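>>> model this:
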Amino acid sequence: MLRGNFFRGLGYLGEGFRLIRQPGLRLFVVIPLVINILLFGLLFYFLGELFGVLIATAMGWLPDWAWLQALDWLFWILYGAVILLMLAYGFVIIANLIGSPFYGYLAELTEKHLTGQEVSPDEGWAGIIKDIPRALWREVQKIIYYLPRAIGLFIIGLIPVVNLVAAVLWFMFNSWMMALQYVDYPADNHKVSFRALRELLADTRLSALGFGLPVALAAMVPILNLVVVPAAVCGATAYWVRENGATRN
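All right, here's what the predicted structure looks like:
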């Protein structure tokens with residue numbers, strides 16, 4: 001039986017966008033945001049260069065007919081769509097790897113703002129630096145969890161007719177992964193293992209899917225995906241405080 005409230009879950013990302021405007025949280029929003037902008041620019045540049053070469057190669061394979069050669073704009077549109085999809089998911093994974101120590105501290109500050117209670121005695125830059133190895137390992141755990149399931153869904157998607165169901169499963173899985181991805185930051189601050197976190201979110205799965213759905217959609221929109229990450233961290237912390245995290249420690 002699915003528990004939780006899907007529509008309540010939908011509201012947490014909006015709350016996250018409100019929270020990132022709080023004076024005490026802005027610094028730890030701005031720093032990873034600057035990193036994300038630089039990362040996004042580099043990814044876009046290198047993927048653009050790569051696909052420019054691919055387009056030139058593909059056009060070289062076509063017969064030397066003027067009307068076919070004139071279709072290079074169509075190739076740019078198709079490859080542009082591929083670039084956006086690759087940026088959406090590649091950007092989220094890499095940005096979270098780089099920014100994970102900042103996001104853990106942002107979650108800590110957000111929880112303090114919401115509850116008025118300290119989460120950890122370690123504060124400031126010393127705490128961020130100390131937590132880098134643990135934060136990176138948590139990101140690796142999420143990737144290990146994600147990859148075999150993503151590969152399985154990809155294989156299902158290759159089967160005719162069944163691939164219609166796979167499309168729905170992909171959408172639900174990405175929403176679930178976004179909830180896992182971001183609620184993990186406040187959970188890790190409370191030393192909750194990744195396995196225990198999955199069980200906690202499963203207890204309120206509808207709320208988790210409601211939270212993860214708008215995050216997954218926003219991650220696919222260029223520019224918006226730059227600011228959705230810190231907002232998702234703050235929204236996930238509100239989820240943790242009010243749904244099933246802090247009350248079970």
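>>> From here on, just use CA atoms for contacts and neighbour counts.
Fine.
>>> Now do the helices in the chain.
Residue ranges of the helices in the chain, as given by DSSP state H, are 6-19, 27-61, 66-69, 72-115, 124-130, 132-157, 162-189, 194-203, 205-218, 224-242.
>>> May I see those arranged in JSON lines, with mean pLDDT as well?
Shown next, in JSON lines, are those (pLDDT from 0 to 100):
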{"stretch": "helix 6-19", "mean pLDDT": "94"}
{"stretch": "helix 27-61", "mean pLDDT": "70"}
{"stretch": "helix 66-69", "mean pLDDT": "50"}
{"stretch": "helix 72-115", "mean pLDDT": "72"}
{"stretch": "helix 124-130", "mean pLDDT": "62"}
{"stretch": "helix 132-157", "mean pLDDT": "82"}
{"stretch": "helix 162-189", "mean pLDDT": "85"}
{"stretch": "helix 194-203", "mean pLDDT": "92"}
{"stretch": "helix 205-218", "mean pLDDT": "92"}
{"stretch": "helix 224-242", "mean pLDDT": "90"}
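>>> Mean neighbour count added to those helices, as a markdown table?
Listed next are the helices of the chain as a markdown table, based on neighbours: other CA atoms under 10 Å:
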| stretch | mean neighbour count |
| --- | --- |
| helix 6-19 | 19 |
| helix 27-61 | 15 |
| helix 66-69 | 10 |
| helix 72-115 | 19 |
| helix 124-130 | 13 |
| helix 132-157 | 15 |
| helix 162-189 | 20 |
| helix 194-203 | 16 |
| helix 205-218 | 24 |
| helix 224-242 | 25 |
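>>> So the nearest residue to residue 185 once chain neighbours are set aside versus residue 151, what's the distance?
Residue nearest to residue 185 in three dimensions, not counting chain neighbours: residue 104, with 5.1 Å by CA to CA, 6 or more residues apart in numbering. Here residue 104 is placed at a distance of 29 Å from residue 151 (CA to CA, to the nearest Å).
>>> Same check on residue 209?
21 Å.
>>> Identify the residues contacting stretch 134-141?
96-97, 100-101, 104, 194 (CA atoms under 8 Å, 6 or more residues apart in numbering).
>>> what do you get for stretch 104-120?
By CA under 8 Å, 6+ apart, stretch 104-120 touches 19, 24-25, 28-29, 128, 135, 185-186, 188-190, 230, 233-234, 237-238, 241.
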